[in-house]
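*Asks:* Everything below, folded, please.
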Amino acid sequence: MNKRNYLFLLAILMVAMLSVGFVSCGSDSDDERSSVVGTWTGRDGYHRLTVTFNNGGTGTMKSTWDDSKSGSKTYSVDFKYVMESNTEGKITYEELDSYGYETVILYFVVDGKTMTITDPQYHETFVVTKQ
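*Replies:* Predicted structure coming up:
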């Protein structure tokens, strides 16, 4: 094998190795997030919850109480989320209470088109389905 053929073979080998490196270094978090991206809704008695997950780890949660005596009240909050696995994640947002701002952490588990959201502080669970 002459020097020219050796260099050509070496160049091809390097290009092949670089392309494998680019493919394997992709972020799994985008794939994991795609399973939650979209709008999820659920209802529990007078309480309606709409959660919208955007690409990039952000979203909006809208909670509405419909009561014939007191009317309808809606609370909306922007949040950030991270996927901890393909089916589990964590939502965080800031909430103003009488003591100032508090960081709220909710956990969610996805099972197909059903998501269970848990608030460990108040021991509450809410189930929403993907629209």
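
*Asks:* domain ranges for this structure?
*Replies:* 1-27, 35-130 (automatic domain parsing).

*Asks:* Looks like Leu106 contacts Gln121 (just checking).
*Replies:* No. Using Cβ atoms under 8 Å, Leu106 is not in contact with Gln121; the gap is 9.0 Å. (Each C-beta comes from the backbone N, C-alpha and C, glycine too.)

*Asks:* Between those two, which has more neighbouring residues?
*Replies:* Applying other Cβ atoms under 10 Å to Leu106 and Gln121 shows that Leu106 carries more neighbours, namely 20 against 10.

*Asks:* which residues touch that one?
*Replies:* With contact set as Cβ atoms under 8 Å, 6 or more residues apart in numbering, Leu106 has these partners: 90-92, 117-119.

*Asks:* Buried subset of these as a ChimeraX selection?
*Replies:* Applied in ChimeraX, the following selects the buried portion of the contacts of Leu106 according to 16 or more other Cβ atoms under 10 Å:
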select :91,117
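
*Asks:* List the buried residues in stretch 83-93.
*Replies:* 83, 89, 91, 93.

*Asks:* Now intersect those residues with the strands, please.
*Replies:* 83, 89, 91, 93 (DSSP state E).

*Asks:* now, among those residues, which is nearest to Phe126?
*Replies:* Nearest to Phe126, judged by Cβ to Cβ, of those is Ile91 at 11.6 Å.

*Asks:* What sits closest to the closest one if chain neighbours are left out?
*Replies:* Once flanking residues are discounted, Ile91 sits nearest to Leu106: 4.3 Å by Cβ to Cβ, 6 or more residues apart in numbering.
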